[in-house]
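Chemist: here is a sequence with its predicted model. Questions after.
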Amino acid sequence: MSPTSTQWGSYARIAEALRVRLELLPSGSPVPSETVLSGEFGVARNTVRRALALLAQEGLVGTVPGRGRVVLTPGLPAAMLPAYRRIAADLQRAIAAGELAPGDALPSEAALTRQYGVSRGTARQALSFLVSLGLVCAVHGKGRFVNGARSLKGN
């Protein structure tokens, strides 16, 4: 049985269906709301949110303040992404390149605030986004660390 044939793989099936649909839309087009999509696919909003997070990680959708989620053109200049997504993308690249290895601590919110010239809330949003993708785990009182194994996400 493939992972997408179970309820646990529903988000991947939804992401694939949306991926096909998004290819037909011009950049900047609105993406249906989580509520609309959860009704369409017959799943919980959290499942839709996970599918949309996957598409966001791929750079196919983004969030625009005041507009919600919109279709992005792959390769969209980083300057057009929200600040938290630019920070998250930089950290994702560092993880993918091995500059941040499994178990390594990520920069603190204060360090990211200084480095990127953003508010602490924006830095926190970037780190939380990486946690939601399962790339990073948060340890209360210690900071955020690169996940070394998927099993860390559930613990």
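Modeler: That came in fine, so what should we check first? Predicted, not measured: the structure shown is a model, and the values here were computed from it. Residues are numbered from 1 along each chain as shown.
Chemist: can you pull out the helices in this protein?
Modeler: 10-22, 34-41, 45-57, 83-96, 109-116, 120-132, 151-154 (DSSP state H).
Chemist: ok, of the ones you listed, where does mean pLDDT dip lowest?
Modeler: Looking at the helices of the chain, the lowest mean pLDDT belongs to helix 151-154 (a mean of 34).
Chemist: coming back round to it: could you dump the helices of the chain to TSV with mean neighbour count?
Modeler: For glycine as for every other residue, the C-beta is placed from the backbone atoms N, C-alpha and C. Formatted as TSV, those follow (neighbours: other Cβ atoms under 10 Å):
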stretch	mean neighbour count
helix 10-22	17
helix 34-41	15
helix 45-57	19
helix 83-96	18
helix 109-116	15
helix 120-132	18
helix 151-154	11
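Chemist: domain ranges for this protein, per the record?
Modeler: 3-71, 78-154 (automatic domain parsing).
Chemist: distance-wise, check R13 relative to L135.
Modeler: R13 is 22 Å from L135, where distance means Cβ to Cβ, to the nearest Å.
Chemist: likewise V61?
Modeler: Distance from V61 to L135, counting by Cβ to Cβ: 18 Å.
Chemist: you'd agree G103 is up against R144?
Modeler: No: with contacts counted by Cβ atoms under 8 Å, G103 stays clear of R144, the gap being 11.6 Å.
Chemist: give me the more crowded residue out of those two.
Modeler: Neighbour count, other Cβ atoms under 10 Å: between G103 and R144, R144 has more, with 21 against 12.
Chemist: give me the phi and psi angles of the nearest residue to that one once chain neighbours are set aside.
Modeler: Of all residues not flanking R144 in the chain, L106 sits nearest, at 4.6 Å (Cβ to Cβ, 6 or more residues apart in numbering). Note on L106: backbone dihedrals following degrees, to the nearest 10 are phi -80, psi 160.
Chemist: got the contact list for L106?
Modeler: Neighbouring residues of L106 by Cβ atoms under 8 Å, 6 or more residues apart in numbering: 91, 100, 127, 130, 136, 143-146.
Chemist: hmm, 10 Å instead?
Modeler: 91, 94-95, 100, 112, 126-127, 130-131, 135-136, 138, 143-146 (Cβ atoms under 10 Å, 6 or more residues apart in numbering).
Chemist: pick out the most distant pair among those.
Modeler: Using Cβ to Cβ, the pair of the contacts of L106 lying farthest apart is A94 and A138, separated by 17.5 Å.
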